[in-house]
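Asks: below is the structure, and that's it, no one-letter string:
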């Protein structure tokens, strides 16, 4: 005589929901374990709160909250885990699967007791890309200890891609090569005035002053960045050539400048303010001046960063990626001439 079949656990329910096309092993707080043991990625469901968060904020946001709060953990190959994102994002819960997960989360009453979002979640308010909201969004991401960013970025404290001659040169040399490439494109010479918009921890203004003799102004909305950048400028002996200012680029009025660099700040401007941004850059430049605008772009037709996704809520609040054609059109419409794109 055989016993009654065991009740499926949380892990079983989740693997059935995901289906065989998602090579993922799942372990759960109720002791259940399902999915291929050779999977490169294991999802550990540590608490019923993980289910509650996922059910009440379906899609990426609920999973992000559960992960940040520690209700979910990912083990194994991180790159393989990231590759699963596109496969999981298209899943839709059928009524039966929804009912099963609600029951496992503690029933409908439990869904009314969902924990608050983790304190790390961004809570910016006001009109999108207003000065006050932009300052809050920048503070969320950048007003973190300089020691944290030094661990992440290395001594150069440069938060954008580098230029590698080959793999042997090392990160610091590759970042210096990037700054030098920008300097050459801007045609920097001794005595010129350079404005660096979104100057970060001062890497570009320090390089330009030290190697090209320019007088540089760096502006940032991050108090932590401004404080550390000023110390780095002083340590480099360049205080007579470089000023670091806690300021919105829209509040820079001491034009004209011979050159403007904007390196990795463009993602914070916003589509609705694209024309205002490039128009402001044009007005700050001398008639013969040059602007170098460096930003992350997206292919035409690809959706932007979702407002309910992990990136928006936990990494770059209000960040927006632009399509290159739109950027070129906006730049030329402002009266500037696009001379080079890469």
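Replies: Ah, there it is. In this text the structure is predicted, and so the values were computed from the model without any measurement.
Asks: tell me the SS of residue 244?
Replies: Look at residue 244: counting by DSSP: H, G, I helix; E, B strand; the rest coil, its state is strand.
Asks: pretty sure it sits against residue 200.
Replies: No: under the contact definition of C-beta atoms under 8 Å, residue 244 does not touch residue 200, with a separation of 10.1 Å. C-beta coordinates here come from the backbone N, C-alpha and C atoms, glycine included.
Asks: count the neighbours of residue 146 for me.
Replies: Using other C-beta atoms under 10 Å, residue 146 is surrounded by 17 other residues.
Asks: residue ranges with poor pLDDT in the protein?
Replies: Counting by pLDDT under 70, the low-confidence segments of the chain come to 1-7, 87-93.
Asks: could you list the domains of it?
Replies: Partitioning the chain according to automatic domain parsing yields domains covering residues 10-111, 131-333.
Asks: identify the contacts common to residue 244 and residue 200.
Replies: 218, 220, 229 (C-beta atoms under 8 Å, 6 or more residues apart in numbering).
Asks: of those residues, which is the most crowded?
Replies: Going through the shared contacts of residue 244 and residue 200 with other C-beta under 10 Å as the criterion, the one with the most neighbours is residue 218, at 29 neighbours.
Asks: tell me the secondary structure at it.
Replies: The three-state label for residue 218, taken from three-state DSSP, comes out as strand.
Asks: next, format the domains of the chain as CSV and append distance to residue 123.
Replies: Supplementary listing: the domains of the chain in CSV, determined by distance: least, C-beta to C-beta, whole Å:
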stretch, distance to residue 123
domain 10-111, 13
domain 131-333, 8
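Asks: with respect to residue 124, which of the ones you listed lies nearest?
Replies: Closest approach to residue 124 among the domains of the chain is made by domain 131-333 (4.7 Å; C-beta to C-beta).
Asks: what is the end-to-end distance of the closest one?
Replies: Distances were taken as C-alpha to C-alpha, to the nearest Å; on that basis the terminal residues of domain 131-333 are 24 Å apart.
Asks: near residue 180, how many residues? Count them for me, please.
Replies: Burial of residue 180 is recorded as 16 neighbouring residues (other C-beta under 10 Å).
Asks: name the helices or strands packed onto the helix or strand that contains it?
Replies: Assigned by DSSP states H and E, residue 180 falls within helix 171-186. Based on contacts counted as 3 or more C-beta pairs under 8 Å, 6 or more residues apart in numbering; DSSP states H and E, the elements that helix 171-186 packs against are helix 203-212, strand 257-263, strand 285-294.
Asks: buried sites along the first one?
Replies: Of the residues in helix 203-212, those with enough neighbours to count as buried (16 or more other C-beta atoms under 10 Å) are 203, 204, 205, 206, 207, 208, 209, 212.
Asks: what angle do that helix and strand 242-246 make?
Replies: Here the directions of helix 203-212 and strand 242-246 differ by 170 degrees (axes from the mean of the first three to the mean of the last three C-alpha atoms, to 10 degrees).
Asks: quick one: the helices in the stretch 51-200 of the chain, in order.
Replies: Remark: helices of the stretch 51-200 of the chain, listed N- to C-terminal, are 60-69, 78-83, 85-89, 95-104, 108-111, 131-142, 146-153, 171-186; assignment by DSSP state H, counting those that start in this stretch.
Asks: out of the ones you listed, which one sits most buried?
Replies: Highest mean neighbour count among the helices of the stretch 51-200 of the chain (mean count of other C-beta atoms under 10 Å): helix 60-69, with a mean of 22.
Asks: check contacts around residue 147.
Replies: When contacts are counted by C-beta under 8 Å, 6+ apart, residue 147 is found next to no other residue.
Asks: what's the distance between it and residue 322?
Replies: Remark: distance between residue 147 and residue 322 (C-beta to C-beta, to the nearest Å) = 32 Å.
Asks: now do residue 34
Replies: In this structure, residue 34 lies at 42 Å from residue 322, with C-beta to C-beta as the measure.
Asks: how deep is the nearest residue to residue 136 once chain neighbours are set aside tucked in, by neighbour count?
Replies: When the adjacent residues along the chain are set aside, residue 136 lies closest to residue 124, with 4.7 Å between them (C-beta to C-beta, 6 or more residues apart in numbering). A total of 19 residues lie near residue 124 under the criterion other C-beta under 10 Å.
Asks: quickly note the distance from residue 124 to residue 320.
Replies: Following C-beta to C-beta, the distance that separates residue 124 from residue 320 is 14 Å.
Asks: what's the answer for residue 161, then?
Replies: 19 Å.
Asks: looking at these two, which is more packed in?
Replies: Neighbours were tallied for residue 161 and for residue 320 using other C-beta under 10 Å; the higher tally belongs to residue 320 (22 against 13).
Asks: please name the residues that touch the more buried one.
Replies: Contacts here follow C-beta under 8 Å, 6+ apart; on that basis residue 320 touches 267, 268, 269, 270, 271, 304, 305.
Asks: sweet, I'm off.
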